[in-house]
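1. please work out how this folds:
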Amino acid sequence: MLTAVDHLVTSVADVAEAVETYRNLGFTVTHAVDAEDAGHQAAYVVVGDFYIEFRAMEDSPRVLAGATSGREFGEAEGIHGIVFRSDNLDAEVARLKSNGFQVSNPVDDPIDRRGGSLPRRTAAVDSYIPVGLVEHHHTAERSTSVGGATAHPNTATVLERTYLAVESIDRELEMFERLLGMPAPGPEMGTVIMSMMSVFYVGDVGVAVAEPRGPGPTANALSANGPGVFQVLFRAEHLDRAAALMVENGVPPPTRGTRLSGESALLVEPAHACNLFVALAGQP
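-> Reported below is the predicted structural model:
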């Protein structure tokens, strides 16, 4: 079964600029220990057992190994793949194939690092929203290999949700049920992103399938980039501290909103986060 949202793959024009951008947002950004040895640029924002990977557009011609469709890295900055963790990749691939998806066969895809590689197996789902699958049993060691445990100045602690924009949740929910292996939850209003959404839970992380309901972030993302991942929401301990830090670092004040639950949230626009909406939720 799928157990977690493992990571997002992000394409950027300049990795060094992306590092500076996310440090200005208050994130600790790291480099893989083998990045220079491997001859490519890569940087990571590690939050708990989840990470965002920043890769240069020219670094790879295809978002996920084994994928035969989806956006190419060179087309635009932004999220180019969401990768789910599985506790049994062979069974997951078989399940998806039985549900009508084209899926690459699992391949050994170890993480190279100083001191030896970490075993990992991956596969890719052929979908208009690029989806990867990964199986590994060394979450702590993997996090260390891409920068180790991090404490973020903006007080972000864990990934709470990822958001995917679609034109119609009524039309797309059946596909997501087959993809994620669970029934679709009832719809709810996304007051900050102006959407109607259905939030699946993969492990502890919500995967929100969102349809625009008026002008706002969801509509803007769908218009600019088409269907796919457009936002990440992190749990943070001090929103006022996070907002002040961003302003001190030259970032325009993030938008403040109120979630349906009544909780406060900060929202950073894509222009200031490498074509991705970044949100923090928690106490002021």
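2. give the closest residue to residue 211 in space, chain neighbours not counted.
-> residue 169 (4.5 Å; C-beta to C-beta, 6 or more residues apart in numbering). Just so you know, the C-beta spots here come from the backbone N, C-alpha and C atoms, and that holds for glycine as well.
3. pass me the low-pLDDT residue ranges in this structure, would you?
-> Where the chain drops to pLDDT under 70, the residues are 32-41, 58-76, 112-117, 137-150.
4. helix or strand next in line after the helix ranked longest in it, which one?
-> If you go by DSSP state H, the chain has its longest helix at helix 169-180. Sequence-wise, the next helix or strand downstream of helix 169-180 (DSSP states H and E) is strand 188-190.
5. picking that back up, distance between the longest helix of the chain and the chain's centre?
-> 19 Å (C-alpha atoms, centre = their mean, to the nearest Å).
6. can I get it as PDB, trimmed to CA atoms?
-> Output of helix 169-180 as PDB, limited to C-alpha atoms (Å, rounded to 0.1, in the frame of the first residue of the first chain):
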ATOM      1  CA  ILE A 169     -13.200  16.900  -9.100                       C
ATOM      2  CA  ASP A 170     -16.400  15.100 -10.200                       C
ATOM      3  CA  ARG A 171     -14.600  13.900 -13.300                       C
ATOM      4  CA  GLU A 172     -11.200  13.100 -11.800                       C
ATOM      5  CA  LEU A 173     -12.000  11.600  -8.400                       C
ATOM      6  CA  GLU A 174     -12.600   8.100  -9.800                       C
ATOM      7  CA  MET A 175      -9.100   8.200 -11.300                       C
ATOM      8  CA  PHE A 176      -7.600   9.300  -7.900                       C
ATOM      9  CA  GLU A 177      -9.500   6.500  -6.100                       C
ATOM     10  CA  ARG A 178      -7.900   4.000  -8.500                       C
ATOM     11  CA  LEU A 179      -4.500   5.600  -8.200                       C
ATOM     12  CA  LEU A 180      -4.400   6.000  -4.400                       C
END
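7. tell me the spacing between the residue nearest to residue 211 and residue 198.
-> 6 Å (C-beta to C-beta, to the nearest Å).
8. quickly list what's touching both of these two.
-> Contact with both residue 169 and residue 198 is made by residues 187, 209, according to C-beta atoms under 8 Å, 6 or more residues apart in numbering.
9. neighbour count: these two, which is higher?
-> Applying other C-beta atoms under 10 Å to residue 169 and residue 198 shows that residue 198 carries more neighbours, namely 22 against 18.
10. what lines up beside the helix or strand where the more buried one lies in the sheet?
-> Secondary structure from DSSP H and E places residue 198 in strand 195-202. The pairing partners recorded for strand 195-202 under DSSP bridges are strand 188-190 (antiparallel), strand 205-212 (antiparallel).
11. picking up where we left off before, what's the longest helix of the chain packed up against?
-> strand 195-202, strand 205-212 (3 or more C-beta pairs under 8 Å, 6 or more residues apart in numbering; DSSP states H and E).
12. out of the ones you listed, which is closest to residue 22?
-> Ranking those by distance to residue 22, with C-beta to C-beta as the measure, places strand 205-212 first at 19.6 Å.
13. who touches the closest one?
-> By C-beta under 8 Å, 6+ apart, strand 205-212 touches 4-5, 50, 159-169, 172-173, 176, 180, 184, 190, 193-201, 218-219, 222.
14. can you rerun that using 7 Å?
-> 4-5, 159-169, 172-173, 176, 180, 190, 193-200, 218-219, 222 (C-beta atoms under 7 Å, 6 or more residues apart in numbering).
15. now do that strand and helix 169-180, the angle between them.
-> 160 degrees (axes from the mean of the first three to the mean of the last three C-alpha atoms, to 10 degrees).
16. would you mind writing the CA trace of strand 205-212 as CSV?
-> C-alpha atoms of strand 205-212 as CSV (Å, rounded to 0.1, in the frame of the first residue of the first chain):
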residue,chain,number,x,y,z
VAL,A,205,-0.4,13.7,4.7
GLY,A,206,-3.4,15.0,2.9
VAL,A,207,-3.5,14.9,-0.9
ALA,A,208,-6.1,17.5,-1.8
VAL,A,209,-7.6,17.2,-5.3
ALA,A,210,-8.9,20.8,-5.9
GLU,A,211,-11.2,22.4,-8.4
PRO,A,212,-11.3,26.2,-8.7
